[in-house]
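**Student:** pasted the sequence and its predicted model underneath.
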There are 2 protein chains.
Amino acid sequence: MHATPTPPIEPRAFGVGGRITLSVMSDDYVEVILGALDAAPSTGLTVETDPISTWVTGHEQDIARYFSALISSASAGGHHVVATVMLSRGCPGEVTCERPEHPPVFSDAPLDVPRTGVDALAQWALYPLDDHGTPERNADHMRDIYAAIDDAKATGTYVGSDHYVTRLSGDVADIVGTIAGTWAAVGRSVAHVTTHATISVNSPSVTR
Amino acid sequence: MHATPTPPIEPRAFGVGGRITLSVMSDDYVEVILGALDAAPSTGLTVETDPISTWVTGHEQDIARYFSALISSASAGGHHVVATVMLSRGCPGEVTCERPEHPPVFSDAPLDVPRTGVDALAQWALYPLDDHGTPERNADHMRDIYAAIDDAKATGTYVGSDHYVTRLSGDVADIVGTIAGTWAAVGRSVAHVTTHATISVNSPSVTR
């Protein structure tokens, strides 16, 4: 007899997912947004659009690829597009939630998001919300946040710090990869982590 | 001889401020956004617009009034507008910061934001990030977050919970007042608090 393996926790059950709002500065915004939602491959994800945003849940890499494809698709016609993005893990509900002592790791591989050829700017914040309050865990999460900033510098997306946020610049895939990759990495030591970013494409303002 | 009173800490020195990105779904978005930035009264605030967002620092009530005026002004012509809003207190910089053991309270009065007559929908998240890790402080911040939700219910803006966020509906002033008022209230017991919201006006989607 073999022992029955414990079924792995699914990303959805641990609250791994995100929200995206695409804003298109054009009279034909409805057509552009619906076109991007139709065009982006959502393989492996659960996707629901409500009046304010589109919610997705699934594996980190699938979410990152989907968000990158949505933003680059909406921007392809040259319109100025702003994407409001959040990612969350560790709390499926609204206010509180029971979490395991050690958060599950779904994949140790770096995220792979195909280049889009579309340049963007972003302001980004990363929030470790629950590390069970011990000094060791606090040290862990600060280590992971510094590692996140170092990762952003290594990928070349890091521009500098603005008040309350970090500014990123680069291909949409690299920006989404930085945001999602660091969120997933910090999630290895912190049970509840969220990240928010405002991503701007084709802005008439200066580009960096 | 009288003792010299300790000068009160200024909101800016404690990192009290916010960012807003106005997205206007129209070919004339530049004119509408610049017009809203010109029209909204920024009395008492420091305001700086960069390529991605507008940063403000100052007292909570002045920030709430400014954001409400910006959103309602940009929406006045009937355009579909999405405002991406963040508020932050307790960390003027990017990653880490020294904070006092007891956060300063700038005002105990409820925020007063004049009604705009413009209805909006929002998805909102509130993040208490640093309560010095003691069980008492944890109990404090959960109490304050439940109080925040109760406040939202009392003001009539609360609609329900979506994944990772709370949905709000009502006059732009009431929505901004809920977001800023609860952020300020939680800030009385938690040294570092941020909140993020996506606020949508004149959406062609259903309105609640």
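**Tutor:** Received the coordinates, thanks. Note that the structure is predicted; figures quoted are calculated from it, not measured.

**Student:** run through chain A and note the low-pLDDT ranges.
**Tutor:** Low-confidence segments of chain A (pLDDT under 70): A:1-8, A:92-102, A:130-142, A:206-208.

**Student:** so which residue is dead centre in chain A?
**Tutor:** A:Ala180 (3.8 Å; Cα atoms, centre = their mean).

**Student:** wait, doesn't A:Asp144 sit right on A:Ser189?
**Tutor:** Yes - between A:Asp144 and A:Ser189 there is a contact at 5.5 Å, judged by Cβ atoms under 8 Å. Where C-beta positions appear, they are placed from N, C-alpha and C, glycine not excepted.

**Student:** any idea how far A:Arg19 is from A:Ile9?
**Tutor:** Separation of A:Ile9 from A:Arg19 (Cβ to Cβ, to the nearest Å) stands at 21 Å.

**Student:** so those two - more neighbours on which side?
**Tutor:** A:Arg19 (25 against 13; other Cβ atoms under 10 Å in any protein chain shown).

**Student:** quick one: secondary structure of the more buried one?
**Tutor:** strand (DSSP: H, G, I helix; E, B strand; the rest coil).

**Student:** not counting sequence-adjacent ones, nearest residue to it?
**Tutor:** A:Ser53 (4.3 Å; Cβ to Cβ, 6 or more residues apart in numbering or on different chains).

**Student:** tell me which stretches of chain A form helices.
**Tutor:** A:29-39, A:60-75, A:135-155, A:172-186 (DSSP state H).

**Student:** most packed of these?
**Tutor:** helix A:172-186 (a mean of 26; mean count of other Cβ atoms under 10 Å in any protein chain shown).

**Student:** report the longest strand in chain A, please.
**Tutor:** The longest strand of chain A (DSSP state E) is strand A:119-130.

**Student:** tell me the strands beside it, with direction?
**Tutor:** strand A:165-171 (antiparallel), strand A:192-201 (antiparallel) (DSSP bridges).

**Student:** distance from the chain centre to the last one, please.
**Tutor:** Centroid separation for strand A:192-201 versus its chain: 6 Å, with Cα atoms, centre = their mean, to the nearest Å.

**Student:** in it, what's buried?
**Tutor:** Within strand A:192-201, the residues scored as buried using 16 or more other Cβ atoms under 10 Å in any protein chain shown are A:His192, A:Val193, A:Thr194, A:Thr195, A:His196, A:Ala197, A:Thr198, A:Ile199, A:Ser200, A:Val201.

**Student:** before we move on, back to that, dump the longest strand of chain A to PDB, restricted to CA.
**Tutor:** Output of strand A:119-130 as PDB, limited to C-alpha atoms (Å, rounded to 0.1, in the frame of the first residue of the first chain):
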ATOM      1  CA  ASP A 119       6.900  50.200 -23.700                       C
ATOM      2  CA  ALA A 120       5.200  51.400 -20.500                       C
ATOM      3  CA  LEU A 121       5.800  53.300 -17.200                       C
ATOM      4  CA  ALA A 122       4.400  52.200 -13.800                       C
ATOM      5  CA  GLN A 123       4.200  53.200 -10.200                       C
ATOM      6  CA  TRP A 124       4.200  50.100  -8.000                       C
ATOM      7  CA  ALA A 125       3.800  49.200  -4.300                       C
ATOM      8  CA  LEU A 126       4.200  45.800  -2.600                       C
ATOM      9  CA  TYR A 127       2.500  45.100   0.700                       C
ATOM     10  CA  PRO A 128       3.500  42.200   3.000                       C
ATOM     11  CA  LEU A 129       0.400  42.000   5.300                       C
ATOM     12  CA  ASP A 130       0.800  39.000   7.500                       C
END
